[in-house]
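K.L.:
I would like the atomic coordinates for the input below:
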Amino acid sequence: MTTITNARILTLDDSLGEGPLGLIANGWIRFDNGLVEAVHTGDCPHPGDLDANGRVLMPAFTDCHTHACWAGDRVDEWAARLAGASYLDLLKAGGGIMSTVRAVRAASQSELTDLLLERLHTMLTCGTTAVEVKSGYGLTTADELKMLRAIADANDRFPGTVIPTACIGHALDPDVPRERFIRTTIDETLPAVTAEFPGIAIDAYAEPAAWHVSECLELFDKARRAGHPCRVHSDQFTSFGMVEAALEQGFLSVDHLEASSPELLQRVAKSDTHAVVLPCSGFHVDRRYADARTLLDRGAQLCIATNLNPGSAPCPSIPMAIALACRFNGSPPVTPEEAILATTRTPSRMLGLEDRGTLTPGARADAILLQHTNERELAHSFGANPIARVWVAGIEQ
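P.N.:
Numbering: from 1, shown residues only. Take a look at the predicted model:
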């Protein structure tokens with residue numbers, strides 16, 4: 001049992017506190033048996049285990065879009081981009097994702113697990129306790145399964161929670177004829193994933209230089225019939241119909257949306273499909289950011305994620321993603337309060353983690369104590385780690 005006193009508590013439940021963040025300006029909280037046992041306003045009637053000294057206590061972050069399982073690095077590619085090469089130019093030339101594919105194929109499953117665990121523990125120090133991790137750097141049935149097994153192994157060894165996604169439509173192997181590669185992915189890789197990882201989300205990257213809409217739809221149609229929810233990377237560089245198709249078919253999420261029109265974003269907002277924006281990619285690649293203001297003002301289920309990966313977003317920090325979103329994602333951009341919701345409660349619900357993302361009685365006690373006494377500092381300050389303490393299921397890490 002742990003009792004934390006004198007805290008500025010963000011419960012994320014407006015029935016317990018003020019405003020959309022359910023703020024208790026001064027209160028105390030008790031964790032017991034891995035859960036939030038009690039949340040109270042005012043002074044604790046007995047000595048606690050930790051005096052927060054007025055600092056912010058809030059739910060830990062859920063990072064709902066990452067490619068955190070990889071081998072190798074892409075520093076040389078970044079140098080080429082600094083010299084003028086575009087991300088799509090590198091992809092067409094067999095670089096970009098393919099350089100990581102070659103490194104992943106050469107790595108063992110245990111090596112991938114160890115590399116992933118290093119990144120997960122870095123994310124944990126930044127306040128993230130639940131992480132979605134995609135495959136997608138294998139591009140063969142055997143290597144995609146190797147990645148998914150490595151992700152499952154990491155989950156068993158990580159104190160937080162890892163949610164796997166089979167991103168089997170991530171890129172095209174330039175050494176395999178396009179039609180044959182697509183057919184192998186749909187007719188061989190997907191059934192193998194279904195057999196070993198039933199119900200896992202299926203993802204693809206829809207771009208003219210990657211998977212076309214018709215190819216994605218064939219993959220997703222077969223995936224849905226096999227019981228898989230679907231997510232899609234779409235409109236990062238080109239808006240060419242994938243978001244519209246995803247909305248019609250009720251996908252779990254559409255991710256990126258930098259190239260989406262205001263009219264299309266309004267359609268996303270009116271749907272039950274989550275909108276996932278990835279500001280670290282805009283910062284690292286091309287200074288393009290999705291218009292989260294249009295999404296939020298029309299009622300979208302907005303998520304903000306790091307997109308941690310070796311090429312377009314080498315950033316493990318949700319606080320950094322928040323800082324960027326509150327500067328660049330829309331005009332006016334995301335507010336700190338909106339960003340907190342989009343990195344805690346909303347992505348937790350999207351990933352099926354109904355007991356995360358709030359500090360309410362009965363919720364799992366995944367929590368963070370900030371260095372700050374004002375939650376807006378998550379967005380205002382950047383460059384240093386704002387996290388003072390992290391708890392997973394009530395156990396301090």
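K.L.:
go ahead and confirm Cys44 touches Thr5.
P.N.:
Yes - the criterion here is Cβ atoms under 8 Å, and Cys44 meets it with Thr5 at 4.3 Å. (C-beta placed from N, C-alpha, C; glycine too.)
K.L.:
just for this protein, where's the confidence low?
P.N.:
Within the chain, the set of residues satisfying pLDDT under 70 comprises 87-88, 91-95.
K.L.:
per the record, what domains does it have?
P.N.:
Domain segmentation of the chain under automatic domain parsing yields 2-59+358-396, 62-350.
K.L.:
most neighbours per residue, which of the ones you listed?
P.N.:
Comparing those by mean neighbour count (mean count of other Cβ atoms under 10 Å), domain 62-350 ranks first with a mean of 21.
K.L.:
ends of it, what's the gap?
P.N.:
10 Å (Cα to Cα, to the nearest Å).
K.L.:
give me the distance from that domain to the chain's centre.
P.N.:
8 Å (Cα atoms, centre = their mean, to the nearest Å).
K.L.:
ok so, going back, list residues touching both of Cys44 and Thr5?
P.N.:
Common neighbours of Cys44 and Thr5, using Cβ atoms under 8 Å, 6 or more residues apart in numbering, are Trp28.
K.L.:
how about residues contacting stretch 27-36?
P.N.:
With Cβ under 8 Å, 6+ apart as the criterion, stretch 27-36 contacts 1-7, 9, 37-44, 48, 57, 359-365, 367, 391, 393-395.
K.L.:
so which strand or helix has the residue lying closest to Ala300 once chain neighbours are set aside?
P.N.:
Excluding the flanking residues, the one nearest Ala300 by Cβ to Cβ, 6 or more residues apart in numbering is Ala269, at 3.7 Å. When elements are assigned from DSSP states H and E, Ala269 belongs to helix 262-270.
K.L.:
what does Leu369 give?
P.N.:
strand 367-370.
K.L.:
next SSE downstream of that strand?
P.N.:
Next element after strand 367-370 (DSSP H and E): helix 377-380.
K.L.:
now that next one: how far from the chain's centre is it?
P.N.:
Relative to its parent chain, helix 377-380 has a centroid offset of 19 Å by Cα atoms, centre = their mean.
K.L.:
mind saving the C-alpha coords of it as CSV?
P.N.:
The C-alpha trace of helix 377-380 is given here as CSV (Å, rounded to 0.1, in the frame of the first residue of the first chain):
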residue,chain,number,x,y,z
GLU,A,377,4.7,22.7,-17.9
LEU,A,378,4.5,19.4,-19.8
ALA,A,379,3.9,21.5,-22.9
HIS,A,380,5.7,24.7,-21.9
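K.L.:
what does that helix contact?
P.N.:
Surrounding helix 377-380, the residues in contact under the criterion Cβ under 8 Å, 6+ apart are 319, 322-323, 325-326, 335-336, 339-340, 370-372, 386.
K.L.:
Ala130: what's it in contact with?
P.N.:
Per Cβ under 8 Å, 6+ apart, neighbours of Ala130: 60-63, 160-163, 347-348, 351, 353, 356, 366.
K.L.:
now it: how far from Leu302?
P.N.:
17 Å (Cβ to Cβ, to the nearest Å).
K.L.:
likewise for Gly160?
P.N.:
As judged by Cβ to Cβ, Gly160 and Leu302 stand 22 Å apart.
K.L.:
please apply the same query to Arg225.
P.N.:
Arg225 is 29 Å from Leu302, by Cβ to Cβ.
K.L.:
do Cys326 as well
P.N.:
Taking Cβ to Cβ, one finds Cys326 at 13 Å from Leu302.
K.L.:
identify the contacts common to the two.
P.N.:
Residues touching both Cys326 and Leu302 (Cβ under 8 Å, 6+ apart): Val334.
K.L.:
Leu350 against Ser253, yeah?
P.N.:
Let me fix one detail, which is that residue 350 is Met and not Leu. Yes - using Cβ under 8 Å, Met350 makes contact with Ser253 at a distance of 6.3 Å.
K.L.:
now the common contact residues for those two.
P.N.:
Residues touching both Met350 and Ser253 by Cβ under 8 Å, 6+ apart: 64, 274, 303.
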